[in-house]
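Asker: Provided below for reference: sequence and predicted model.
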Amino acid sequence: MQLRRVVITGMGSVSPFGRGVASLMDGLVSGRSAVQYLPELENIKGLRTRVAAKVTRVDPMEIPRKHRRSMSAMSIFAVLAAQEAVAQSVVSAEHLENGRLGISLGSTVGSTQTTEEFFRDFFVDFSLERMKSTVFFHIMNHSCASNVAQALGVTGRILAPAAACATGCQAIGYGFELIAAGKQEMMLCGGADEFHPLTAATFDVINAASTGVGDGPERKSRPFDRNRDGVVCAEGAGIVLLESLDSALDRRAPILAEVVGFATVSDSSSIANPNEVAMERCMRWALNEAAVSAEEIGYVNAHATATEQGDIAESEAIYRIFGDRPPVSSLKGHMGHTMAASGSIELIASVEMMRRGMVIPTLNLDEVDPACSPLRYARSVEEAEVDAFIKNSFALGGVNSSIVVRRYRHD
Amino acid sequence: MTDQEIVELINKSLAEEFELDPAMMTPDVHIYEGLGLDSLDTVDMVIVLEAAFKFKVREEEEIRKIRTLGDIHRFVINKKKAIEQQV
């Protein structure tokens, strides 16, 4: 079967830096941290986490109530990000409604906040008499995908992959494959998540979360750094509009980059512990599918969440393929780990880096952990002619994913 | 509670829940075409009314006949009177 070329023609983001890809890039390029101290976390017995990166300056009320009533925060983030991607790509209502545009969008779980609110009330007297009609729509696994479809009037395929921290990357990969196979012409793809203390607790209970406040919230997320102390949880949404190259050329859409390779593999060695062999395998398969050599990769956007095991394993996997040549960074130093959204938000930022001819470093990487392999860790914003990059997302549950993106060439 | 107080509490509760413009909330307004509510909203409307007036009406046949805001006013007023007569 002849596979079709797939390009990115729109991008949208709601991140801890605020609404829009522009604010995301402003925060990253200026080297700011979006991590905050959350005093309410002090009230949770047994939780050692005190910081997170939450979305601010977003007004849910701009979404009509008819659509908003079935949305938790993650769906609101996803809708706003999708609207931005659609606007950039100048997608018409006819495209949204013609059945050739689908959605591949996931979250780690449905809304934990809504689940908590429901059970908090339910356990008072074990009554369902106060259960609102829209509770289910907040907590179903495909909540974000369905809510975006409803809000935008999308009638094509709905896919809601869920692979924790690899969700956003997988969602883009699966959307890429659907278009390449000719099943859809366009796909709105990405991930979204909302912060809840249980998210932090998930990592804290396995001693993988950042704890306390240390030298200040803005210094807490430190991928690859010798003094890192774990994941800083965050929230947001990142959405890309993928489109067949033919469609993009036909309607003269802005072509921002081309998706050329995707791989996702199961690491069955452990449900929790990262493994460099499985990570390496994932990246090699993505490169192989892309027909892009390791030498052609000009930047590696690492998953690196600031856990000891994850950072060390990923650095070794990267080193085995790329050595110490291409610059490597993790954007989680700036904005923490946006969970299901991280793959897509960080891919969007990487596309922007490629378009702007720059590489953004890992914030708070003062001293590389000597246990990490000797990569070329980007330490400051640097000019770079990147023609292709690879973006990794690795998840609890033993799910790895990598995407290869390159500058669009008309050939 | 007077009938007027009941009407005001109904309007206030529904306006808050469904983000309705108080100026639209006249007795003759149709809850679907006029206020823009739908079948999901009517489920929540019952919950809102039950919470506001501390009664249970979900299974009542009369509630299925409601079409206008005035129907809601009359339904609640009659229900409150029926409860008071039972006490």
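Answerer: Sure, I can see it.
Asker: report the contact partners of the residue positioned nearest the centre of chain B.
Answerer: Nearest to the geometric centre of chain B sits B:I72, at 3.9 Å (Cα atoms, centre = their mean). Under the criterion of Cβ atoms under 8 Å, 6 or more residues apart in numbering or on different chains, the contact partners of B:I72 comprise B:I10, B:L14, B:I31, B:M45, B:L49, B:I66. Heads up, the C-betas are built off the backbone N, CA and C, glycines and all.
Asker: how far off centre is the helix or strand hosting it?
Answerer: When elements are assigned from DSSP states H and E, B:I72 belongs to helix B:69-86. Put simply, helix B:69-86 sits 9 Å off its chain's centre (Cα atoms, centre = their mean, to the nearest Å).
Asker: buried ones in that helix?
Answerer: By neighbour count on 16 or more other Cβ atoms under 10 Å in any protein chain shown, the buried set for helix B:69-86 is B:L69, B:G70, B:D71, B:I72, B:H73, B:R74, B:F75, B:V76, B:I77, B:K79, B:K80.
Asker: how about the contacts of B:I72 in JSON lines, adding secondary structure and pLDDT?
Answerer: Converted to JSON lines, the contacts of B:I72 look like this (DSSP: H, G, I helix; E, B strand; the rest coil; pLDDT from 0 to 100):
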{"residue": "B:I10", "secondary structure": "helix", "pLDDT": "98"}
{"residue": "B:L14", "secondary structure": "helix", "pLDDT": "98"}
{"residue": "B:I31", "secondary structure": "coil", "pLDDT": "97"}
{"residue": "B:M45", "secondary structure": "helix", "pLDDT": "97"}
{"residue": "B:L49", "secondary structure": "helix", "pLDDT": "97"}
{"residue": "B:I66", "secondary structure": "coil", "pLDDT": "95"}
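Asker: who wins for neighbours among those residues?
Answerer: Counting by other Cβ atoms under 10 Å in any protein chain shown, B:L14 has the largest number of neighbours within these, with 24 neighbours.
Asker: my guess is it contacts B:I47. True?
Answerer: No: taking contact to mean Cβ atoms under 8 Å, the distance of 11.5 Å between B:L14 and B:I47 leaves them out of contact.
Asker: ok, the closest residue to chain B within the stretch 101-250 of chain A - contacts?
Answerer: In the stretch 101-250 of chain A, the residue found nearest to chain B is A:S133; the distance is 4.0 Å by Cβ to the nearest Cβ. The neighbours of A:S133, taking Cβ under 8 Å, 6+ apart as the test, are B:L40, B:D41, B:V43, B:D44.
Asker: who wins for most neighbours among those residues?
Answerer: Counting neighbours by other Cβ under 10 Å, the one among these with the most is B:D41, which has 22 neighbours.
Asker: pull up the gap between that one and A:R65, please.
Answerer: Noted for B:D41: a distance of 9 Å to A:R65, by Cβ to Cβ, to the nearest Å.
Asker: what do those two both touch?
Answerer: When Cβ under 8 Å, 6+ apart defines a contact, the residues bordering B:D41 and A:R65 alike are B:F18.
Asker: buried residues in the helix or strand harbouring A:V148, which are they?
Answerer: Here A:V148, judged by DSSP H and E, is contained in helix A:143-152. Using 16+ other Cβ under 10 Å as the test for burial, helix A:143-152 gives A:S143, A:C144, A:A145, A:S146, A:N147, A:V148, A:A149, A:Q150, A:A151, A:L152.
Asker: and those as a markdown table, adding pLDDT?
Answerer: What follows is the buried residues of helix A:143-152, written out as a markdown table (pLDDT from 0 to 100):
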| residue | pLDDT |
| --- | --- |
| A:S143 | 98 |
| A:C144 | 98 |
| A:A145 | 98 |
| A:S146 | 98 |
| A:N147 | 98 |
| A:V148 | 98 |
| A:A149 | 98 |
| A:Q150 | 98 |
| A:A151 | 98 |
| A:L152 | 98 |
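Asker: mind putting these in JSON lines, distance to A:M335 included?
Answerer: What follows is the buried residues of helix A:143-152, written out as JSON lines (distance: Cβ to Cβ, whole Å):
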{"residue": "A:S143", "distance to A:M335": "23"}
{"residue": "A:C144", "distance to A:M335": "19"}
{"residue": "A:A145", "distance to A:M335": "23"}
{"residue": "A:S146", "distance to A:M335": "27"}
{"residue": "A:N147", "distance to A:M335": "23"}
{"residue": "A:V148", "distance to A:M335": "22"}
{"residue": "A:A149", "distance to A:M335": "27"}
{"residue": "A:Q150", "distance to A:M335": "28"}
{"residue": "A:A151", "distance to A:M335": "25"}
{"residue": "A:L152", "distance to A:M335": "26"}
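Asker: okay if I get those as TSV plus distance to chain B?
Answerer: Supplementary listing: the buried residues of helix A:143-152 in TSV, determined by distance: Cβ to the nearest Cβ, whole Å:
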residue	distance to chain B
A:S143	15
A:C144	19
A:A145	19
A:S146	14
A:N147	14
A:V148	19
A:A149	17
A:Q150	12
A:A151	16
A:L152	19
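Asker: circling back: could you dump the helix holding B:I72 to CSV, C-alpha only?
Answerer: Extracted C-alpha coordinates of helix B:69-86, given in CSV (Å, rounded to 0.1, in the frame of the first residue of the first chain):
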residue,chain,number,x,y,z
LEU,B,69,-41.4,28.1,33.2
GLY,B,70,-44.9,28.8,34.4
ASP,B,71,-45.5,25.1,34.4
ILE,B,72,-42.6,24.7,36.8
HIS,B,73,-43.9,27.5,39.0
ARG,B,74,-47.3,25.8,39.2
PHE,B,75,-45.9,22.4,39.7
VAL,B,76,-43.7,23.4,42.7
ILE,B,77,-46.4,25.6,44.3
ASN,B,78,-48.9,22.8,44.1
LYS,B,79,-46.3,20.3,45.4
LYS,B,80,-45.4,22.5,48.3
LYS,B,81,-49.1,22.9,49.2
ALA,B,82,-49.7,19.2,49.0
ILE,B,83,-46.8,18.5,51.3
GLU,B,84,-48.0,21.2,53.8
GLN,B,85,-51.5,19.7,53.8
GLN,B,86,-50.1,16.3,54.6
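Asker: any idea how far B:I63 is from A:R130?
Answerer: From A:R130 over to B:I63 the distance is 17 Å, taken as Cβ to Cβ.
Asker: neighbour count winner among the two?
Answerer: The residue with more neighbours, out of A:R130 and B:I63 and counting by other Cβ under 10 Å, is B:I63; that gives 17 against 13.
Asker: which residues touch the more buried one?
Answerer: For B:I63, the contacting residues are B:V46, B:V57, B:F75, taking Cβ under 8 Å, 6+ apart as the criterion.
Asker: how about the residues of chain B near chain A?
Answerer: Among all residues of chain B, those adjacent to chain A (criterion: Cβ under 8 Å from any Cβ of the partner chain) are B:18-19, B:36, B:38, B:40-41, B:43-44, B:47, B:50-51, B:56, B:58.
Asker: closest to A:S75 out of the contacts of B:I72?
Answerer: Proximity to A:S75 was ranked across the contacts of B:I72 by Cβ to Cβ; first place goes to B:M45, at 22.9 Å.
Asker: that closest one and A:E97: what is the separation?
Answerer: As defined by Cβ to Cβ, B:M45 lies at a distance of 30 Å from A:E97.
Asker: give me the distance between the residue nearest to A:A278 when sequence neighbours are not counted and chain B.
Answerer: If you skip the residues right next to it in sequence, A:A278 has A:D267 as its closest partner in space, 3.5 Å away by Cβ to Cβ, 6 or more residues apart in numbering or on different chains. Applying Cβ to the nearest Cβ, to the nearest Å, one obtains 42 Å for the distance of A:D267 from chain B.
Asker: what's the burial count for A:D267?
Answerer: The tally of other residues near A:D267 (other Cβ under 10 Å) stands at 22.
Asker: lovely, talk soon.
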